[in-house]
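# Generate coordinates for the sequence data below:
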Amino acid sequence: MPLAAHTMAPMEIAGTHRFEARRQRVWEALLDPEVLAGTLPGFQGLEQVGEHEFAGTLALGIGPVQGRFEGKVQLADLVEPESYSLAMEGRGAPGYVDGSGRVVLREDGEGTELDYAMNVNVGGRVAGVGQRLLEMTARMLTRQALASLERAIAARGTA
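Have a look, this model is predicted:
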């Protein structure tokens with residue numbers, strides 16, 4: 001049965017992650033395209049293309065649908081080192097993804113709590129794999145990215 005080309009699947013992705021690093025170090029890592037490119041699963045390059053705007057390529061496979069997405073992320077409402085809003089979009093042969101969300105960093109003793117909330121719309125063939133598989137994949141990629149970011153922050157040391 002072919003996947004519908006017009007299918008759209010909305011998702012909410014939210015959670016909290018604790019970093020064993022000061023808030024300023026986490027903030028700096030979140031705004032560093034080199035750090036992010038190395039921590040986001042499937043990214044094949046990420047570059048800063050404007051003030052608080054990044055563009056990149058993502059290779060992604062979800063179930064039987066695989067392909068590359070070209071996209072960008074725009075950060076807004078930056079309150080250093082506490083929070084920012086973001087808008088993202090990506091397009092490719094398998095479909096599209098558009099979303100917006102908010103990231104908030106809170107000091108927690110010697111560490112930092114990161115709260116994230118995203119509203120994402122996925123469309124095209126990739127949305128045809130089913131809501132449950134999309135949500136499971138999104139949560140898995142988020143966990144992998146946060147764990148990788150944690151390792152990158154630790155590797156940067158205390159300076």
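
# For the helix ranked longest in the chain, what is the distance to the chain centroid?
Using DSSP state H to define each element, the chain has its longest helix at helix 131-155. The chain centroid and the centroid of helix 131-155 are separated by 8 Å, computed with C-alpha atoms, centre = their mean, to the nearest Å.

# next one: stretch 47-55
Offset of stretch 47-55 from its chain centre (C-alpha atoms, centre = their mean): 15 Å.

# got the contact list for that stretch?
Outside stretch 47-55, the residues within contact range by C-beta atoms under 8 Å, 6 or more residues apart in numbering are 31, 33, 36, 46, 56, 70-76, 78, 84. Just so you know, the C-beta spots here come from the backbone N, C-alpha and C atoms, and that holds for glycine as well.

# For it, list every residue counted as buried.
Phe54, Ala55 (16 or more other C-beta atoms under 10 Å).

# end-to-end on it?
Stretch 47-55 stretches 6 Å from its first residue to its last (C-alpha to C-alpha, to the nearest Å).

# what does the average pLDDT come to for it?
Mean per-residue pLDDT for stretch 47-55: 92.

# Repeat that for stretch 131-140.
Throughout stretch 131-140, pLDDT has a mean value of 88.

# related to what we said a few turns ago, give me the helices and strands touching the longest helix of the chain, please.
Applying 3 or more C-beta pairs under 8 Å, 6 or more residues apart in numbering; DSSP states H and E, one finds that helix 131-155 makes contact with strand 8-19, helix 23-30, helix 33-39, strand 53-62, strand 111-123.

# shouldn't Pro94 be in contact with Glu70?
No: Pro94 is beyond contact range of Glu70, at 11.8 Å (criterion: C-beta atoms under 8 Å).

# Looking only at neighbour counts, state which of those two leads.
Neighbour count, other C-beta atoms under 10 Å: between Pro94 and Glu70, Pro94 has more, with 24 against 12.

# so who does that one touch?
By C-beta under 8 Å, 6+ apart, the residues touching Pro94 are Leu60, Val65, Gln66, Gly67, Phe69, Gly124, Arg125, Val126.

# go with 6 Å
Neighbouring residues of Pro94 by C-beta atoms under 6 Å, 6 or more residues apart in numbering: Val65, Gly67, Arg125, Val126.

# Many thanks, I have nothing further to ask.
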